[in-house]
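**Student:** Need the 3D shape of this:
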Amino acid sequence: MIKKLDVDSNEFQTQLELTKQFTQKVCDQFGFVYNPEDDVNESVQQGLTRNKLIYGKRFCPCFMVVGETKEEQKEADNRICPCTPALEEEIPKDGKCRCGIFCTPEYAKNCAVEQAIEEATHTHFRGLSHEECSLLLQKENIDSDELQSLLEAREAGVIQFNLVDVREWMEWVGSRIVGTDYLVPTTSFYNALDQLETKKTVPCVVYCHIGSRSAYCQRMMKDLGFNQVSNLLHGIVGFQGEMTSGEE
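**Tutor:** Take a look at the predicted model:
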């Protein structure tokens, strides 16, 4: 049976305020900060409030509460906020608890930067900073907008990276992304990769037609010691930026 609560009631709102004070005390005690996304914090605080009103304890809202009686609930070892797995495993390892409300300052800072990057790259309302470019180039996959923003930043001297086309020569002649630095055809990959032998510390972005060949080459480059290699999602087919063609 679903237990319904009126979130607008005085009882709920009073307990919600107490829950907010509780989560702030947890942050202060352990040196955590809240998630940069307010919706995450509000959702978790409401879930904790609901469980407090129904069960008498702030059970973690990301997990089901097992047991009908208090004895059964204690026997089931339900997670009570702040739970031991979060304090001992999740936050030290992932930078946040399972629910996402409690974060390390470093994790929260990176999340805030990533949100700013997301807005900047997909609206192009401003250029990226060096820090933002560096974070983007650490991603496994980047999309068309992100690559365009990186190319703009490189043109402005903000960041350096190599853009590598792993398609075949005739595909490259027919159409390629403006700013492509190297052609390393998949069929002659190891020989053609000699061009980049001394540039393994420089971040790379690889692309092909739809992203499958480049994902394969990305894995090989990492195995060969390239520090950072990102793959262009959906390849040149999904790229919306400037293109060129011809042998030069």
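**Student:** in terms of contact, does residue 7 touch residue 46 like I think?
**Tutor:** Yes: counting by CB atoms under 8 Å, residue 7 does reach residue 46; the two are 6.9 Å apart. Backbone N, C-alpha and C define where each C-beta goes, glycine included.
**Student:** so what sits against both of those two?
**Tutor:** Common contacts of residue 7 and residue 46, defined by CB atoms under 8 Å, 6 or more residues apart in numbering, comprise residue 16.
**Student:** Between the two, point out the one with more neighbours.
**Tutor:** For residue 7 versus residue 46, the count of surrounding residues by other CB atoms under 10 Å is larger for residue 46: 16 against 11.
**Student:** so what does the helix or strand bottoming out on mean pLDDT in the chain touch, helix or strand wise?
**Tutor:** Across the helices and strands of the chain, the lowest-confidence element by mean pLDDT, DSSP states H and E is helix 105-123, at a mean of 85. On a contact count with 3 or more CB pairs under 8 Å, 6 or more residues apart in numbering; DSSP states H and E, helix 105-123 meets strand 33-34, helix 130-136, helix 144-155.
**Student:** swap the cut-off to 10 Å and go again
**Tutor:** With contacts taken as 3 or more CB pairs under 10 Å, 6 or more residues apart in numbering; DSSP states H and E, helix 105-123 sits against strand 33-34, strand 102-103, helix 130-136, helix 144-155.
**Student:** ok, then the element right after the first one?
**Tutor:** Note on strand 33-34: by DSSP states H and E, the next helix or strand toward the C-terminus is helix 38-55.
**Student:** just the last one next, same as before
**Tutor:** Taking DSSP H and E as the definition, the helix or strand that follows helix 144-155 towards the C-terminus is strand 162-165.
**Student:** what is the rounded mean pLDDT of that following strand?
**Tutor:** For strand 162-165, the mean pLDDT works out to 98.
**Student:** immediately after that strand, which helix or strand?
**Tutor:** Scanning onward from strand 162-165 (DSSP H and E), the first element met is helix 169-174.
**Student:** What helices and strands are in contact with the helix or strand that comes right after that next one?
**Tutor:** Next along the chain after helix 169-174, taking DSSP H and E as the criterion, comes strand 176-177. Secondary-structure packing of strand 176-177 (3+ CB pairs under 10 Å, 6+ apart): helix 144-155, strand 162-165, strand 204-207, strand 243-244.
**Student:** returning to that earlier point: of the helices and strands packed on helix 105-123, which stretch is the most buried?
**Tutor:** Comparing these by mean neighbour count (mean count of other CB atoms under 10 Å), strand 102-103 comes out on top with a mean of 26.
**Student:** Distance from the chain centre to that strand, please.
**Tutor:** Centre-to-centre, strand 102-103 and its host chain are 16 Å apart (CA atoms, centre = their mean, to the nearest Å).
**Student:** Can you spell out which helices and strands pack onto it?
**Tutor:** Helices and strands touching strand 102-103, by 3+ CB pairs under 10 Å, 6+ apart, are helix 10-30, strand 33-34, helix 38-55, helix 91-94, helix 105-123.
**Student:** Let's have these in a markdown table, adding distance to residue 65.
**Tutor:** Compiled in a markdown table, the helices and strands packed on strand 102-103 are given as follows (distance: least, CB to CB, whole Å):
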| stretch | distance to residue 65 |
| --- | --- |
| helix 10-30 | 16 |
| strand 33-34 | 24 |
| helix 38-55 | 6 |
| helix 91-94 | 22 |
| helix 105-123 | 27 |
